[in-house]
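Participant: Could you look at this predicted model? Sequence included:
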Amino acid sequence: MKHFWPFAGKKSARAATYLVAISLFSIQPLSQAADALPQLGDGEEMSVSAEKKLGLRIAREIYRDPDYIDDPLITAYVQRLWQPLLAAAKRRGDITPEQQQLAWEIMTGKDRSINAFALPGGFFGLHLGLVGAVSTRDELASVLAHELTHVSQRHIARQISKQNQQSPWMLGAMILGAVAASKNPQAGAAVISGSQAVSAQTQLNFSRDMEREADRIGFAILQEAGMDVRGFTGMFDKLQAANRINDNGSFPYLRTHPLTTERLGDMQSRLQLLPAASQTTQTLGWQAEHAIIATRARLISDSSVDSLRAELTQAALALRNPLPASATPVQKIRQLAQLYGGAFASSRQRNSADMLRYAAAARELLISMPFEPLAGIEHAQAAIELIAIEAMQVTATPTPELRTAALASLAQLRSMPSQRNERPTLLAWAQLARADASLDRTSAADALQIWVTNRPGDAPAWQALSSLYEAQGQQLRSMRASAESRIALLDYGAALDRLKAAQEWARANGANHIESSILDTRTRAVQAMVRELQNERDKP
């Protein structure tokens, strides 16, 4: 039997064990993997607290999926759209004070299909295929606003409550199975068999009323956030075009969010009622940033030899045929994306010489463009600068030219006020400092420590900090930071193992009292988390 997971093509054993429970032929293995999902009330709408617990159980499994990805640049870009949407929803009262305890977290996956979905507990899935397919940042924001509304208006909880006669572990498995089947019905059918497959998919799909409500409120949230509401109609146009060709499977979003003439007409009517002044204009900086991020997402989701070769062919043509001075901004942005794609593809092929050539050409083209206002320009520039630093991480023996370029790029990023404290810069600084003793590792660690103190759920940042501490010979701090990275991924068992190992090291090496006290306090807290999970697992 072939198993499917929300993001991946190659599945982990744990994911397969979890989803095999949906099959009518085998349900025994699930008792070892489901972590005892919370019980639902009889005939009542799921409480926010129960929804949060269910979401955490599902998120824990998705974090372990091999195709789950947290690319710093793409994550930062998505967050620049997501955070204003969340703030707008709170201002409007769409997110209640009680719902603020939910995660409101986007998890990205390296899948080429055009899809996004809401999960219980305020978790959201976003395929890189969607990021690479949309034409503007506002089209992507419209999808995020729509999915946000499904959670804020309790559509998820209401749909789940229809399943309250199912056992909790079956409910969680059905949710994950339905998400998997929405991406690939053929593979999903191998996982979800019999009449329960139809039941799960039907009841977890949103009703037409829910879709219209998500459109209407999502539209208002997009407007409140100061984004261009034409992103909704632009995205609808793409979905409609996919509908006309009967959806070849690359648009699974259509199966869980069916597009109707009524939905299209409603969005077009709302747009016509707005004064022209309320329709914001895409700045060149925003367009340039989106073009680069879309190219990056597309190449990460499909890094096959053929894909990289095709990208390099386009980049070589762009390099040989520079645009005339009369070229339009659209033409320049298209060529910028081609040059960035060439630099990224060259980096993936460990060809640092070509990477540096394409990156230099992209930088020169970006600087030559008249950006007014400057919104987005520095983020686009940062993406280009980070290419050399990323290449350093994947090159076994960096050339002197690559090392010089990487150090120059880091210096440039740290000189930019809008970038010096951004997550991609901090992570790049940490990675480069770990590999290069000539850099100030203490300052890099201090900057990252401030970041994780304010954002304790950032697992990659904790892991980068752990590596930095290890490079500095601060073993106890390194072990603690590594444990925090596992806590951020909801892997409390692994976190406890690391904390206990740190306690043993502290006793053996005479760690100071303050460090040991902090470690002991954190260990007790994680032990309590593990006990809570065990108690839930033991509930009938």
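Facilitator: Sure, I can see it. A quick note: this is a predicted structure, and the numbers were derived from the prediction, not measured.
Participant: quick one, strands of the stretch 201-350 of the chain?
Facilitator: Assigned by DSSP state E, counting those that start in this stretch, the stretch 201-350 of the chain shows no strands.
Participant: Equivalent analysis for the chain, please.
Facilitator: 68-69, 105-109, 116-119, 123-127 (DSSP state E).
Participant: so what does the second one touch, helix or strand wise?
Facilitator: Think strand 105-109. Contacts defined by 3 or more Cβ pairs under 8 Å, 6 or more residues apart in numbering; DSSP states H and E place strand 105-109 against helix 48-63, strand 68-69, helix 72-92, strand 123-127, helix 128-133. Just so you know, the C-beta spots here come from the backbone N, C-alpha and C atoms, and that holds for glycine as well.
Participant: Format these as TSV; extra columns: mean neighbour count and mean pLDDT.
Facilitator: Converted to TSV, these look like this (neighbours: other Cβ atoms under 10 Å; pLDDT from 0 to 100):
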stretch	mean neighbour count	mean pLDDT
helix 48-63	21	90
strand 68-69	20	96
helix 72-92	19	98
strand 123-127	24	95
helix 128-133	24	94
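Participant: Reformat the ones you listed as CSV; add distance to residue 113.
Facilitator: Below are the helices and strands packed on strand 105-109 laid out as CSV (distance: least, Cβ to Cβ, whole Å):
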stretch, distance to residue 113
helix 48-63, 16
strand 68-69, 15
helix 72-92, 16
strand 123-127, 6
helix 128-133, 5
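Participant: Tell me which of the ones you listed lies nearest to residue 507.
Facilitator: helix 48-63 (30.9 Å; Cβ to Cβ).
Participant: circling back: looking at the strands of the chain, which is closest to residue 213?
Facilitator: strand 116-119 (13.1 Å).
Participant: Sheet partners, orientation included, of that closest one?
Facilitator: Sheet pairing for strand 116-119, assigned by DSSP bridges, gives strand 123-127 (antiparallel).
Participant: The partner strand versus strand 105-109: what angle between them?
Facilitator: 30 degrees (axes from the mean of the first three to the mean of the last three Cα atoms, to 10 degrees).
Participant: Can you give the contact residues for strand 123-127?
Facilitator: Residues from elsewhere that reach strand 123-127 (Cβ atoms under 8 Å, 6 or more residues apart in numbering): 6-7, 55, 58-59, 62, 78, 103, 105-109, 111-119, 144, 147-148, 151, 179, 301.
Participant: Narrow the residues you listed to those that are buried.
Facilitator: 6-7, 55, 58-59, 62, 78, 103, 106-109, 111-119, 144, 147-148, 151, 179, 301 (16 or more other Cβ atoms under 10 Å).
Participant: what pLDDT, on average, does stretch 485-501 get?
Facilitator: Mean pLDDT, stretch 485-501: 97.
Participant: how about low-confidence regions in the protein?
Facilitator: For the chain, the stretches flagged by pLDDT under 70 are 1-44, 162-206, 242-260, 275-282, 371-375, 538-540.
Participant: which residue is nearest the centroid of it?
Facilitator: residue 108 (2.9 Å; Cα atoms, centre = their mean).
Participant: any idea how far the closest residue to that one other than its chain neighbours lies from residue 70?
Facilitator: Nearest non-adjacent residue to residue 108, counting by Cβ to Cβ, 6 or more residues apart in numbering: residue 126, 5.0 Å away. Going from residue 126 to residue 70 by Cβ to Cβ, to the nearest Å gives 11 Å.
Participant: can you check residue 144 too?
Facilitator: Distance from residue 144 to residue 70, by Cβ to Cβ: 17 Å.
Participant: Equivalent analysis for residue 379, please.
Facilitator: Taking Cβ to Cβ, one finds residue 379 at 18 Å from residue 70.
Participant: Settle it for me: which of the two has more neighbours?
Facilitator: Under the criterion of other Cβ atoms under 10 Å, the comparison of residue 379 against residue 70 puts residue 379 first, with 24 against 15.
Participant: Run through the residues that contact the more buried one.
Facilitator: 76-77, 80, 285, 289, 418-419.
Participant: And the furthest pair within those?
Facilitator: 76 and 285 (15.1 Å).
Participant: where do the contact lists of residue 126 and residue 70 overlap?
Facilitator: Taking Cβ under 8 Å, 6+ apart as the criterion, residue 126 and residue 70 both touch residue 108.
Participant: mind checking how far the residue lying farthest from the centre of the chain is from residue 476?
Facilitator: The outermost residue of the chain relative to its centre, with distances by Cα atoms, centre = their mean, is residue 510 at 41.1 Å. Going from residue 510 to residue 476 by Cβ to Cβ gives 11 Å.
Participant: All set now, cheers.
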